[in-house]
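>>> what follows is a predicted protein model with its sequence.
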Amino acid sequence: MKIANKKVTAERLVRDALEKAKHFEDYHIFTFIDEEGALKKAREIDTKIAKGEKVGRLAGVPYALKDNFLSPRGETRASALMLEGFTSPVTATSVKKLEDEGAIMIGRTNMDAFAHGSSTENSYYGPTLNSHDRERVAGGSSGGSAVAVALDIVEFATGSDTGGSIRQPASFNGIYGLKPTYGCISRYGVVAMASSTDCIGFFTKTLEDMDLLMSIASGRDDKDMTTLPDFYEKSEGYTDKKMRIGVIREFDNDSVDQNIREALKKKIDLLKSKGHEIVELDMPALKYGLAAYYILVPAEVASNLSRHDGVRYGFRSENSKDLDSLYENSRSEGFMPENKRRIMIGNFVLSSGFYDAYFLKAAKARTLIVKEYEQAFSKCDFILTPVSPNPAFKLGEKVNDPVAMYLEDVMSVSLNLAGVPGLAIPAGETKDGISLGLQLVGPRRSDKCLIEFAKELQ
Ligand code: GLN
């Protein structure tokens, strides 16, 4: 609006964002900055406005793009060596929708390679630093996007959330992060991690921005057959109605950081003081969530990553003497250790001798979790829980212990297995200034109401 009213030019906004990006260079937020391309787009918008032509709802708004979104601007590498040299011939549907409204991408953000991780330490480029404490992780896998918004470099950033990759870094950096209902935003043109749980979403500083981005990006896309018919705009928002908010008993125990438990308690008290009802929930199937996730997701990862063979695009090892060694060397050198771990787990759980014992059992556990959420939402409207058992941890603390890193996801993955939306909301800080976050969870397609209701928690 400021731009359309000629209070500030798009070029000024983009220059400011680029300057800030440079200022925070040592946080390793960006893997690529497109100064020339961004300024060119800004000038085009300014010219349109000067001529009195109509501009989009995001005209001149600088944003950051997670490195797994396909766009011809810069190499799409998913922060992995495996995609070195890959410039996409296509644009992701979500990116196209944002840019059709005039949003300007200033750069691509750092992430755990192929989105495998919870700290951005699995990036080929090295870790992003936390916005509040440089000795701590940014969270992951969308760490760069979260920090770009938290440090006020851009107005918003894109993310993908397969098991927490938007909500956890949002909560580690004190901003909003939404994982919408599965199928709400097209996955077309986003490097696939696990197709049945991948969701596209955003990081923002305000709920109003989140709502605007959702109304622009959501909707049916013929290029992604799992997208839902447009429902976001048509769905019911929040009217002053008193709501029933569920809290999950299983997530309130001593293994959860004391600061987070207190933050949850404070928000519960706030909701009660506004007349909302608190409902205690037993959700025993959630204890299978992490185990089921770390079987089902690697299975899909192994399948999705099989296309990277060193032949068709991306990285190719120089040291190969025949086709077999070309595959082997390219994959060995191009993938990060965590990528390889998932490929191995995935192929193992899908192999003929173990399929029934692992994959099938995990798929059954997933069905239980879906049903458990359905039952929960017959007793309450929304659920409020922590995003993760602890706030941002120290760099290096968990990166060599995969199981400790997986345990980070214990409260976030079940939403992806069930396909329900979750909104990470800021919930204060520890006395040392470390951000705390909680997530508000809703039934499928409740995204609009979820965002509007979150105002009650401010
Ligand atoms: N941390 C989770 C994992 O490593 C989630 C990742 C994601 O959502 N992309 O699988």
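That came in fine, so what should we check first?
>>> tell me which residue in the stretch 201-350 of the chain sits closest to the ligand.
When scored by CB to the nearest ligand atom, the stretch 201-350 of the chain has Val297 as its residue closest to the ligand, at 5.7 Å. Using the backbone N, CA and C atoms, a C-beta is placed for each residue, glycine as well.
>>> got the confidence number for that residue?
We have a pLDDT of 98 for Val297.
>>> distance check, it against Thr197.
6 Å (CB to CB, to the nearest Å).
>>> more neighbours: those two, which one.
Val297 (26 against 22; other CB atoms under 10 Å).
>>> any idea how far the more buried one lies from Ala115?
Relative to Ala115, and taking CB to CB, Val297 is found at 10 Å.
>>> can I take it that the residue of the stretch 201-350 of the chain closest to the ligand is in a helix?
Yes: according to DSSP: H, G, I helix; E, B strand; the rest coil, the state of Val297 is that of a helix.
>>> was I right to think it contacts Thr162?
Yes: with contacts counted by CB atoms under 8 Å, Val297 reaches Thr162, the gap being 6.5 Å.
>>> give me the common contacts of the two.
Between them, Val297 and Thr162 share these contacting residues under CB atoms under 8 Å, 6 or more residues apart in numbering: 193-194, 197.
>>> name the residues contacting each of Val297 and Ala115.
Joint contacts of Val297 and Ala115 (CB under 8 Å, 6+ apart) are 162, 193.
>>> distance between the ends of stretch 346-358?
10 Å (CA to CA, to the nearest Å).
>>> what does the chain put close to the ligand?
When proximity is defined by CB under 6 Å from any ligand atom, the chain lies next to the ligand at 115-118, 141, 160-165, 193, 297, 409.
>>> of those residues, grab the buried ones for ChimeraX.
Buried residues within the residues of the chain next to the ligand, by 16 or more other CB atoms under 10 Å, are selected in ChimeraX with:
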select :115,116,117,118,141,160,161,162,163,164,165,193,297,409
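>>> out of the residues of the chain next to the ligand, flag the one nearest to Ala38.
Set against Ala38, the nearest of the residues of the chain next to the ligand by CB to CB is Ser160 (22.0 Å).
>>> show me what that closest one is bridged to.
Counting by DSSP bridges, Ser160 is bridged to Ile200.
>>> picking up where we left off before, mind listing what the residue of the stretch 201-350 of the chain closest to the ligand touches?
Contacts of Val297 (CB under 8 Å, 6+ apart): 162-163, 193-194, 197, 342.
>>> let's see that with 7 Å instead.
162-163, 194, 197 (CB atoms under 7 Å, 6 or more residues apart in numbering).
>>> mind putting the residues you listed in a markdown table, pLDDT and secondary structure included?
As requested, the contacts of Val297 are arranged in a markdown table below (pLDDT from 0 to 100; DSSP: H, G, I helix; E, B strand; the rest coil):
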| residue | pLDDT | secondary structure |
| --- | --- | --- |
| Thr162 | 98 | coil |
| Gly163 | 98 | coil |
| Ala194 | 98 | coil |
| Thr197 | 98 | coil |
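>>> helices and strands around the longest helix anywhere in the chain, which ones?
As assigned by DSSP state H, the longest helix anywhere in the chain is helix 361-379. For helix 361-379, the elements it packs on are strand 277-281, helix 289-304, helix 413-418, judged by 3 or more CB pairs under 7 Å, 6 or more residues apart in numbering; DSSP states H and E.
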